[in-house]
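Engineer: Whatever this is, show me its structure:
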Amino acid sequence: MARIVEQDAGPRSKRAAILTSAVDCFGEAGFEATKWSTVAERVGIGQTALYHYFESKTHCLLTIMRLELERSHERFVEATADLEDPVEALRSAVRVAYVVSPHEVLQMRILQNHMDLLSGSRRSKREEAERVAARQLVQVVERDWTNLLVKGMSQGAFPLRDAQLLGASVLGLIVSVWRWYRPSGPTPLSEISELIEGACVRMVAS
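Structural biologist: Next up is the predicted model:
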């Protein structure tokens, strides 16, 4: 899998601050509506300084998407690593997807709203490197969910079905929440998590 070598985040680096501000802007106002200069203003730097870290607004967006995929995949691995019971592993994987901060909610909204960006190659080498790394992470995520279901089927915990199709359906249900969920909305995330967890178990185990 392609790996991105992160820039050295020294004490004077603005990279983390730029990413944080970009997530806030892209997640709240939308990528297209956000001016690159607005991100610079939030960080307190000139717009030209942004190009020391990201060669374009799209490069920054792809980096956010790749980092969010890494974060969510690491959470999945941690949540399922020591669970032998397939049903409990499935429940844990679903639950951990919703144990997130408001900032991570924005990251996931950005990821889901721009998944189409991963399908076509980029002319810029740095943008393309981020796109390829993110696309490969998508494949890893899909593979791991499929493997979780295959394990359950092999142990007789889940009925035999097309594990790849079923895994894609479960993932689709889980991530669809980020397109409409708002922390300020009337339904708490804990209630949504419980609902989706039950739906995924019924989908897989029934």
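Engineer: looking at this protein, which helix or strand does the model trust least?
Structural biologist: Every helix and strand of the chain was ranked by mean pLDDT, DSSP states H and E. The lowest is helix 47-50, at a mean of 90.
Engineer: which parts of it are buried?
Structural biologist: The neighbour-count check on helix 47-50 (16 or more other Cβ atoms under 10 Å) flags Leu50 as buried. The C-beta positions use only the backbone N, C-alpha and C, and glycine is treated the same way.
Engineer: now swap in stretch 179-196 and tell me
Structural biologist: Quick answer for stretch 179-196 (16+ other Cβ under 10 Å): 189, 193, 196.
Engineer: So the first one sits against Leu195, correct?
Structural biologist: No: with contact defined as Cβ atoms under 8 Å, Leu189 does not count as touching Leu195 (10.5 Å).
Engineer: count of residues packed around Gln107?
Structural biologist: For Gln107, the neighbour count with other Cβ atoms under 10 Å is 23.
Engineer: per-residue confidence at Asn139?
Structural biologist: Quick fix: residue 139 reads Gln, not Asn. Looking at Gln139, its pLDDT reads 97.
Engineer: what's around it, how many residues?
Structural biologist: When neighbours are counted by other Cβ under 10 Å, Gln139 registers 10.
Engineer: The helix or strand harbouring it: which residues count as buried?
Structural biologist: Gln139 is part of helix 125-154 when elements are defined by DSSP states H and E. Across helix 125-154, burial judged by 16+ other Cβ under 10 Å covers 126-127, 129-138, 140-141, 145-146, 148-153.
Engineer: On the three-state scheme, the residue lying farthest from the centre of the chain is what?
Structural biologist: When distances are taken from the C-alpha mean of the chain, Gly156 lies farthest, 30.5 Å away, according to Cα atoms, centre = their mean. When classified by DSSP: H, G, I helix; E, B strand; the rest coil, Gly156 comes out as coil.
Engineer: Mind listing residues that contact the helix or strand containing Val170?
Structural biologist: Element membership of Val170, judged by DSSP H and E, is helix 163-180. Helix 163-180 has contacts (Cβ atoms under 8 Å, 6 or more residues apart in numbering) with 94, 97-98, 105, 108-109, 111-113, 141-142, 145-146, 148-150, 153, 192, 196, 199-200, 203-204.
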